[in-house]
Structures are given as structure tokens and as C-alpha cells.
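Participant: how does the following fold in three dimensions:
(chains A and B)
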Amino acid sequence: MTPKKPAQRRSKASPGTIMQRFEAALQPGVPPDEAACLIAELEPKLPDAAIQMMDDHLASVDPLVKVALIDAYYRMTECTFHRGDLEALKEAARAGAARGDAASEDVFAAATIAYARQAGAPEDTWVRRGFEITGVRAPRPRPRRKGLAADAQLESITIMIHGTWATHGRWWRRGGDFFEYVRKDLGLADLYGAADQFRWSGDNLDSSRARAARELHGWLSSHRAASVRVFAHSHGANIAALATHKGTRIDKFVMLSPPVRKDYLPDWSNVGQAYNIQACFDAVVAIARGGQWFKDVMRARRVTEHRLKSSGHSASHSPAVWKKERLARIVGLPWD
Amino acid sequence: MGLSRAAQRKAALAGLSSADGAARASAAIQLADAGERSALPAIEALARDHDRLVRGAAAFARWRLTGAVGDLEPLLTLVCARDEEAVQLGAMGLARMGDSVVPELARVAADASTSAWRRRRVLRVLAEIEGEPARAALRLAAQSKDAALAKAARRALDRTDD
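Facilitator: Numbering: from 1, shown residues only, chains lettered A, B, ... in the order given. Purely as a prediction, here's the structure:
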């Protein structure tokens, strides 16, 4: 990872504090998923001095952190990938695919996303790219629970869907704050976070949302479960709503700050219990030509609607807001 | 929830001077979408707000009320941010401004002195503006001698080929 052509850095943010946080992330004992998240978060603000520290740590860190460092380095410098680093990413992806544990799946996902990005491929093709470069079909599936027939469906599955321009966000992925809050604090152990977790382009186009709805329907058809629960933010909720028109059944539908629009109303016959959590004030919903409340666009009371005391479009997927405003009770948790 | 139109207007006008940035930003957008021209002076004052979300919302709202594009920097700043909410507001605002912002976005994308990150983001916004002018700008960028820009433009064009 030799710097070839360091580009101009964007950051003017207090480099001392940023560097200290970066250094702390690389200390022994920091969980790899936390360190990787922190590196991704800090990258836009990292000063050039971080490049040397990246080089120094590459040989001695966990595979997931190593992938995060390589990815961050190339985003910082905007250089073309060095062949050795490409090989390192491929190797990490292969190693991640060869094992079946959750940590290895994270490495596979992180490495193949970085690989797709540097190859100039659309980043939502990362799973296919991953299979190409590792030469394996897919990460080994988790062990089946005893007594479950090969073609049997799961009892339940919970999924999280991000919104527009949020494909690279962390909050909805394993290791992300809201993902872990829902899985651990809210006790939804069936929250799906494997390498092939559903994701979509995040493009702000009706056609992209329609395409994502088709893909979600297909994804849920291949991840069959008797009960489907969805946490979906912003236009991610509208994608899930569109999928219900294709026959997708959603038993618990938690919509987080969706732009409520008549053209994105779900097929209610395929929706069990629905919840709409909206911020006190939300400029993104306003600019998305959406309303906040279903009661303003339809007469039937099919949705439990709740207005937060907090404001901002991201408030509805903030663990702090969920705790402070006791939203678990609003959405009827615990679920059976 | 469930306010009458008059009550919504009154609440939005009050929102322009709220201590909450999200309230000021959403009030500006709502009033602009409602065509509330009497709010224009207050919205123009928000262009100097300390909150970048509010400045972006004010730039959009001013265009909505007057049709004049003005300074796009507040929205471009949001698009280039790492904060999810900022990016969403900037990208959606510029996309709604549509053809009127295409020349300026094309100029930024072609400006070699601009960071590659900013140029890529601008190309993606162009890809989300439906219509021939944006497509033409992307096709032009795809033929650039700047290989990185051309590649990013081709990727942006691919995104719209559904």
C-alpha cells in the first residue's frame, strides 16, 4: 500500500482528535467490527498522517480491520488500487467465504464491496463479484436448527432496509448501531445480517425503487419464513410497500420516517401490523414530496402512527431515541 | 398530525424561527411547496443560518418560490457530506430542481480542480435527474479525456439504464 499520488485532502476538522480516535480504533482489544465501523466513519476526516499509521498496522490487525484500512486508504488517496492490495482483498474474501461464522461473513462482505468499488462495478453487484473472485458459491450457510427439514422455512425473519443514498451506511448492517440495538436490546435474534443481506442501489428514482421492490420480493422468496418482520427507513419503507403488491407478506412492518405518498401505499391485505414512526420535524420527508402521516392520505386506520419528540430524518433509527422515547412499546414488542 | 391547511401554514411560518434546525428546514420547504411567497424574505434570511441543513433547505425553497437557481453551494455541500441525512436532503433537493441545475452540475463535474469525491457525487445526482439535459451532460462527461471522470460518468449512466 505505497502512496503513489496522494490527492488533496478534504478535511479541516481537528486532526488531533480525529487521529486519536483513529489510533484508538487500531488498539488491541477493540472488537474488529467496531474498529472497522470507526475507520469507515473517520475516513473522510482523516489527515494524511493517517496513511503512515495504516501501513504500520496492516500486517498485525484482524482481517476485517485490514480490509477496512485498505478501503479507507484508497478512498483517501483516490489512487488506482495497487495489485498487492487487490490480492489482499481477494484473499480476505476467499478466507471469509471458506468459513461459515458470522465474523467471516463480515470479512467476505467488506472485502467484496471494496473490490466491487475499485473495479468500477455497481456496488450492489458485490455478492456476485464476491462469488466470482472467491470461486465459491456462497458463504457456507449457518447450521440448521435440529428438526428442520431441508426445504422447511424459518419460523420468522426480521430484515432491515436502508433508505436513499444510504447503501454504504453502517446503521442497518451487522455491527451498525441500530442493527445491534434491534438484535440485542430488542431481542430480535432472527434479524438477518449475513453476507447476502438485502440491500438496494439507494438511487433516488422511482424506477430504482420499483426494481428494488422486485428484488426484495425475490429475496424474501429465497429466504422463506412463516413470519416476516421489516424495519425500513425512509424510501426503504416504500420499497417494502411496493413489494407487498407483488405478493410479499409482511407481518410486522415498522416504517421509520417514510415519505408517505399515495403512489407508495402498500397492499394492506398483505400487511399485518403496521407502525409509522415519524420525527417531530423532518426536512428530508418534506423535500421527498411526502407527507408524514397515513391518516392524511387514507381514511382507514391501518397504521399505528407515532410522532417522536426528537427531530431529524435519522432520529427514527437512532438507538438513543428508541431508548429515550420507549419505542419498543409503541411497536408492540416483544413480538411472539 | 391532521392539521388544517391554515393551521399547517401558521405552524410552518412559526417554524421558520424555531430553535430547532430541522424545524426551520422543513418549514422552509413546506412553505415553498405551498407557494407561500410572503415567506420569501424569511427564507432568504435562512441562507445565512448556522445549520448547513437549513442553508440547503433555504437554497431549495428560494428556487421553488422564485425559479431562480442562485447559489447551489449549500446543496452541493450537503451532497458531499458523510452524514446520511445531509446527503439525502442535498441529493433530493437538487434532483427536484431538475433541468435548471444541470448546467451548473455539469460544470462542477468537468472542473478538474474539484475533488474526485465531489465530482462523483455530482455525477450521481445528474443520473437522478430525469430528462434529456442531464443525460446529455452525462454522455458528454463520459467522453471526457479525464479517464476517471469518464468512467464515473459511464457508471452514472448505467445506473439510469433500468
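Participant: my read: residue A:18 touches residue A:48, true?
Facilitator: No. Using C-beta atoms under 8 Å, residue A:18 is not in contact with residue A:48; the gap is 11.7 Å. Where C-beta positions appear, they are placed from N, C-alpha and C, glycine not excepted.
Participant: neighbour-wise, which of those two wins?
Facilitator: More crowded of residue A:18 and residue A:48, by other C-beta atoms under 10 Å in any protein chain shown: residue A:18, with 18 against 15.
Participant: distance of that one relative to chain B?
Facilitator: 13 Å (C-beta to the nearest C-beta, to the nearest Å).
Participant: element containing that residue?
Facilitator: Element membership for residue A:18, per DSSP states H and E: helix A:15-25.
Participant: name the residues of that helix that are buried.
Facilitator: The neighbour-count check on helix A:15-25 (16 or more other C-beta atoms under 10 Å in any protein chain shown) flags A:15, A:18, A:19, A:22, A:25 as buried.
Participant: stretch A:94-110 too?
Facilitator: Residues A:94, A:96, A:97, A:103, A:104, A:105, A:106, A:107, A:108, A:109, A:110 are the ones in stretch A:94-110 that count as buried (16+ other C-beta under 10 Å).
Participant: right, and the fifth one touches residue A:94 too?
Facilitator: Spelled out, that is residue A:104. No. Taking contacts as C-beta under 8 Å, residue A:104 lies outside contact range of residue A:94: 10.5 Å.
Participant: where does chain B have its least confident helix or strand?
Facilitator: One helix or strand of chain B scores below all others by mean pLDDT, DSSP states H and E: helix B:147-160, with a mean of 80.
Participant: equivalent analysis for chain A, please.
Facilitator: helix A:126-134 (a mean of 66).
Participant: after that helix comes which helix or strand?
Facilitator: Using DSSP H and E, the first helix or strand after helix A:126-134 is strand A:154-161.
Participant: now look at that next one and say if it contacts chain B.
Facilitator: No. When contact is scored as C-beta under 8 Å from any C-beta of the partner chain, no part of strand A:154-161 falls within range of chain B; the minimum is 13.9 Å.
Participant: how about the helices in chain B?
Facilitator: Ranges of helices in chain B, per DSSP state H, are B:5-15, B:21-33, B:40-45, B:52-66, B:73-79, B:84-97, B:102-110, B:116-127, B:132-142, B:147-160.
Participant: got a list of contacts for the fifth one?
Facilitator: Meaning helix B:73-79. Where contact means C-beta atoms under 8 Å, 6 or more residues apart in numbering or on different chains, the residues beyond helix B:73-79 that reach it are B:47, B:52-53, B:55-56, B:58-60, B:86-87, B:89-91, B:93-94, B:108, B:118, B:121-122, B:125.
Participant: mind doing that once more with 6 Å?
Facilitator: By C-beta atoms under 6 Å, 6 or more residues apart in numbering or on different chains, the surrounding residues in contact with helix B:73-79 are B:55, B:56, B:59, B:86, B:89, B:90, B:91, B:93, B:94, B:121.
Participant: one more: the longest one?
Facilitator: Taking contacts as C-beta under 6 Å, 6+ apart, the residues outside helix B:52-66 that touch it are A:283, B:21, B:24-25, B:28-29, B:32, B:37, B:40, B:43, B:46-47, B:49, B:69-70, B:74-75, B:78, B:89-90, B:93, B:97.
Participant: pull out the buried positions in stretch A:302-313.
Facilitator: Across stretch A:302-313, burial judged by 16+ other C-beta under 10 Å covers A:303, A:305, A:308, A:310, A:311, A:312, A:313.
Participant: tell me which of these is nearest to residue A:208?
Facilitator: residue A:313 (18.7 Å; C-beta to C-beta).
Participant: shaky segments in the stretch 101-250 of chain A?
Facilitator: For the stretch 101-250 of chain A, residues meeting the criterion pLDDT under 70 lie at A:101-102, A:117-131, A:133-152.
Participant: what does it have sitting close to chain B?
Facilitator: A:120, A:164, A:165, A:166, A:169, A:203, A:204, A:205, A:207, A:211 (C-beta under 6 Å from any C-beta of the partner chain).
Participant: mind checking which of the residues you listed are in strands?
Facilitator: In strands, judged by DSSP state E, none of those are found.
Participant: need those in JSON lines (columns: neighbour count).
Facilitator: JSON lines is the format used below for these (neighbours: other C-beta atoms under 10 Å in any protein chain shown):
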{"residue": "A:120", "neighbour count": "12"}
{"residue": "A:164", "neighbour count": "28"}
{"residue": "A:165", "neighbour count": "27"}
{"residue": "A:166", "neighbour count": "24"}
{"residue": "A:169", "neighbour count": "20"}
{"residue": "A:203", "neighbour count": "24"}
{"residue": "A:204", "neighbour count": "23"}
{"residue": "A:205", "neighbour count": "18"}
{"residue": "A:207", "neighbour count": "13"}
{"residue": "A:211", "neighbour count": "17"}
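Participant: any chance of the residues you listed in CSV, plus distance to residue A:229?
Facilitator: CSV is the format used below for these (distance: C-beta to C-beta, whole Å):
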residue, distance to residue A:229
A:120, 36
A:164, 22
A:165, 25
A:166, 20
A:169, 20
A:203, 26
A:204, 26
A:205, 27
A:207, 27
A:211, 23
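Participant: wait, which of those residues is closest to residue A:31?
Facilitator: For those, the nearest to residue A:31 is residue A:169 (19.2 Å; C-beta to C-beta).
Participant: pretty sure that closest one is touching residue B:84, no?
Facilitator: Yes. Counting by C-beta atoms under 6 Å, residue B:84 is a contact partner of residue A:169 at 5.5 Å.
Participant: beta partners for residue A:306?
Facilitator: On the basis of DSSP bridges, residue A:306 is bridged to residue A:277.
Participant: give me the pLDDT for it.
Facilitator: You'll see residue A:306 listed with a pLDDT of 97.
Participant: repeat that for residue A:6.
Facilitator: pLDDT, read off for residue A:6, is 44.
Participant: now for residue A:153: which residues touch it?
Facilitator: Contacts of residue A:153 by C-beta under 6 Å, 6+ apart are A:224, A:225, A:226.
Participant: list only buried entries from these.
Facilitator: Buried by 16+ other C-beta under 10 Å: residue A:225, out of the contacts of residue A:153.
Participant: closest to chain B among the contacts of residue A:153?
Facilitator: residue A:224 (27.3 Å; C-beta to the nearest C-beta).
Participant: find the nearest non-adjacent residue to the closest one, please.
Facilitator: residue A:153 (3.7 Å; C-beta to C-beta, 6 or more residues apart in numbering or on different chains).
Participant: do you know how far the one you found is from residue A:35?
Facilitator: To residue A:35, residue A:153 is 36 Å away according to C-beta to C-beta, to the nearest Å.
Participant: one more: residue B:99?
Facilitator: Residue B:99 sits 45 Å away from residue A:35, taking C-beta to C-beta as the criterion.
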